[in-house]
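Colleague: Need coordinates for the following:
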Amino acid sequence: MTTIKDVSKLAGVSVATISRLLNQSGYVSKEAEIAVMAAIQKLNYKPNNIARSLAGKKTAAVALMVPDILNPFFPEIARAAEDAAAARGFTLVLCNTDNNPDKEKNYIETLINKQIDGIIISSYTVLPEQIIALQDRSIPIVAIDKSFSDYPILSVTAANRQGGEMAVEHLLSAGCRKIAHISGPIYVSSSRERTLAYEEKCRDLPWFTPSLIGYGNFTVAGGYQAMKDIFKLHPDVDGVFAGNDLMAAGALKALIELGVKVPEQVKLIGFDGIRMDMVYPEISTISQQSYSIGKTAMDYLIRLINNEPIERKNYELEVELLQKATT
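Modeller: Take a look at the predicted model:
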């Protein structure tokens, strides 16, 4: 059986350094972290969960709750969270809530009854008061893809406003003179931030009108219908910013059906950075680097589980423009 000493030897760092990294209990340099994680993976090292229990842990299990596992944005988050959890000896439980508040509540109560160590939650419907109530019950919680600026809640999101600005600026710099926007649900904070960025960048331009904004509910079908509706009103649109990549794929399908050439007549950009290798032409996007979100959220959750000092606020991660064939 592989021991921590084996990992120490292969990584070229001390056992104490590995212990600090696994327990998130002190500083470890980035170089040492990379070496340790590579050694753990190569040796298939599993930290001793019995020792963890004796040290005060409950089950060495954590949960990730997502609203729709069929949305390709969430599997990469789940993969990152699982990788980060496994490296520190935790098992990840995945819960798909289908955007159903009742299902969400049932999952949470079941997880608490099974003495889950902590929960990462992505929810379009959860209220801040619900998260505060869980924290009052000493349940470590990290929210992702949604922030709660007026509450002491630890969350991890992408820089949605900045990403929306980058998307519009990219279309403008590519020569677009009339840009439409397909928004996700306005009650979802990430979607709302992206739409606000579009409005702020475009509302003072001479061609802007509110009817250039359509709503697609973060789905392919929604993006398809929104694009058709917008094009009926504004056949002279030459740029489209879709609030996520699924809606961008739907918009692309609608434009192709309408006989519109992309990117020659209309340039299109999405948001998320999910892998859509089967979509042609490849869609430009603002990548929110979902793997980093999942890993960061799990790192922060384990710090909460270990009662380490960390400010309960929103931690915003950088986004990146990925220019592809549609622009």
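Colleague: what number of residues lie near the closest residue to C202 other than its chain neighbours?
Modeller: Of all residues beyond its chain neighbours, the one nearest C202 is F208 (4.7 Å), with distances taken as CB to CB, 6 or more residues apart in numbering. Using the backbone N, CA and C atoms, a C-beta is placed for each residue, glycine as well. A count of neighbours around F208, defined by other CB atoms under 10 Å, yields 16.
Colleague: Equivalent analysis for A158, please.
Modeller: Neighbours of A158 (other CB under 10 Å): 27.
Colleague: That one pairs with what?
Modeller: L317 (DSSP bridges).
Colleague: quick one: pLDDT of it?
Modeller: Looking at A158, its pLDDT is 96.
Colleague: can you check K57 too?
Modeller: Here the pLDDT value assigned to K57 is 49.
Colleague: Helices of the stretch 101-250 of the chain, residue ranges please.
Modeller: 101-113, 128-136, 160-173, 189-202, 220-233, 245-257 (DSSP state H, counting those that start in this stretch).
Colleague: Name the stretch among those helices that sits most buried.
Modeller: Of all those, helix 245-257 has the most neighbours on average by mean count of other CB atoms under 10 Å, namely a mean of 24.
Colleague: For the nearest residue to T285 once chain neighbours are set aside, grab phi and psi.
Modeller: In space, and not counting its chain neighbours, T285 is closest to G270: 4.4 Å by CB to CB, 6+ apart. Phi and psi for G270, reported as degrees, to the nearest 10, are phi -110, psi -160.
Colleague: sorry, back to before: to F73, which of the helices of the stretch 101-250 of the chain lies closest?
Modeller: F73 sits nearest to helix 245-257 of all the helices of the stretch 101-250 of the chain, at 7.7 Å, using CB to CB.
Colleague: tilt between the closest one and helix 189-202?
Modeller: Counting by axes from the mean of the first three to the mean of the last three CA atoms, to 10 degrees, helix 245-257 lies at 50 degrees to helix 189-202.
Colleague: Could you pull up the residues touching the nearest residue to L258 once chain neighbours are set aside?
Modeller: With CB to CB, 6+ apart as the measure, F231 is the residue that lies nearest to L258, at 6.0 Å, once sequence neighbours are left out. Contacts for F231 were tallied using CB atoms under 8 Å, 6 or more residues apart in numbering; they are V237, A254, L255, L258, V260.
Colleague: could you list every residue that touches A325?
Modeller: P263, Y280, P281, E282, I283, S284.
Colleague: got a pLDDT number for the first one?
Modeller: In other words, P263. On pLDDT, P263 comes in at 98.
Colleague: cool, and the one 4 residues further on?
Modeller: K267 carries a pLDDT score of 98 in this model.
Colleague: Using the record's assignment, carve the protein into domains.
Modeller: Following automatic domain parsing, one gets these domains for the chain: 1-45, 56-158+290-318, 160-287.
Colleague: Lowest average pLDDT across those domains?
Modeller: domain 1-45 (a mean of 83).
Colleague: so L134 makes contact with I141?
Modeller: Yes - here L134 lies in contact with I141, judged by CB atoms under 8 Å, at a distance of 5.4 Å.
Colleague: Quick one: the helices of the stretch 101-250 of the chain as a markdown table, columns for distance to P75 too.
Modeller: Listed next are the helices of the stretch 101-250 of the chain as a markdown table, based on distance: least, CB to CB, whole Å:
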| stretch | distance to P75 |
| --- | --- |
| helix 101-113 | 18 |
| helix 128-136 | 24 |
| helix 160-173 | 20 |
| helix 189-202 | 18 |
| helix 220-233 | 16 |
| helix 245-257 | 13 |
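Colleague: Could you report the separation of the most centrally placed residue in the chain from R20?
Modeller: By CA atoms, centre = their mean, the chain has its centre lying nearest to S290, at 4.6 Å. S290 sits 27 Å away from R20, going by CB to CB, to the nearest Å.
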